[in-house]
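**Student:** got a predicted model here, sequence first, then my questions.
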Amino acid sequence: MSEVKHSPPDWKARSGFTLLELLVVIVLVSLTALLVFASMKNRERHKRVPDPLHIKEIPTHIPAGGLELVCTDQCRRCVLIDKARRAREVEGFGTEMDGYLLGPDGEERRVDFGRYGDRKVCLRFRYYENGSTSQLIVQWKGKYYFIPAWFGTVKTFRNLREAVEYWREKNRMLQSPGDYY
């Protein structure tokens, strides 16, 4: 019987990639790009200056005893303070804001938020462990925002008068149980 000799494969004769190799490379590059862009988007979202529309979403977790958001330095610097008086810095609003409450007579009054240490406070906002928050009207960058205490979203208004009227109407609805049934 004669023996057939097989020569080793000639690697030099083959040039280029197979279709399968090319597809694997494309998939790997696509996944890498997806991960890089997603992390950049997350970083961009976290560096974005907060606004009153999303003020209720600032804390990721509300511990027992609640939290208080205190902003100083014309609302450029904000801290979340827990019951034990531990402060954690969060993004500031970048510019001054004013707060308004309704008085017992139903008229708006500008709020003096006091001082935090030796600094004037431009915003003080409470997050309670039961899910409620402070209720107030905030003026920021020429707009007025009504922030409800319980459910609902923050509403934007062109002027203080409209925001106050909305708050008054909301109060009338809460005082009339027949409106809910």
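**Tutor:** Looks like it arrived, so ask away.
**Student:** residues contacting residue 102?
**Tutor:** Counting by CB atoms under 8 Å, 6 or more residues apart in numbering, residue 102 touches 108, 109, 164, 167, 168, 171. Where you see a C-beta, it was placed from the backbone N, CA and C, and this is true even at glycine.
**Student:** test of understanding: give the bridge partners of it.
**Tutor:** residue 108 (DSSP bridges).
**Student:** of the contacts of residue 102, which is the most crowded?
**Tutor:** residue 167 (23 neighbours; other CB atoms under 10 Å).
**Student:** just say helix, strand or coil for it.
**Tutor:** helix (DSSP: H, G, I helix; E, B strand; the rest coil).
**Student:** shaky segments in the chain?
**Tutor:** Counting by pLDDT under 70, the chain has low-confidence residues at 1-15, 42-49, 173-181.
**Student:** now do the helices in it.
**Tutor:** Secondary structure of the chain by DSSP state H: the helices cover 19-47, 160-175.
**Student:** need those helices in a markdown table with distance to residue 88, can you?
**Tutor:** Listed next are the helices of the chain as a markdown table, based on distance: least, CB to CB, whole Å:
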| stretch | distance to residue 88 |
| --- | --- |
| helix 19-47 | 14 |
| helix 160-175 | 30 |
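**Student:** what sits up against the strand ranked longest in the chain?
**Tutor:** What stands out as the longest strand in the chain, according to DSSP state E, is strand 119-127. With contact meaning CB under 8 Å, 6+ apart, strand 119-127 is reached by 55-56, 59, 62, 66-75, 78, 93, 96-99, 113-115, 133-134, 136, 138, 147.
**Student:** how about residue 54, nearest residue that isn't a chain neighbour?
**Tutor:** residue 154 (7.7 Å; CB to CB, 6 or more residues apart in numbering).
**Student:** measure the one you found to residue 147 for me?
**Tutor:** Using CB to CB, to the nearest Å, one obtains 5 Å as the distance from residue 154 to residue 147.
**Student:** and for the two, which residues touch both?
**Tutor:** Common neighbours of residue 154 and residue 147, using CB under 8 Å, 6+ apart, are 52, 55, 56.
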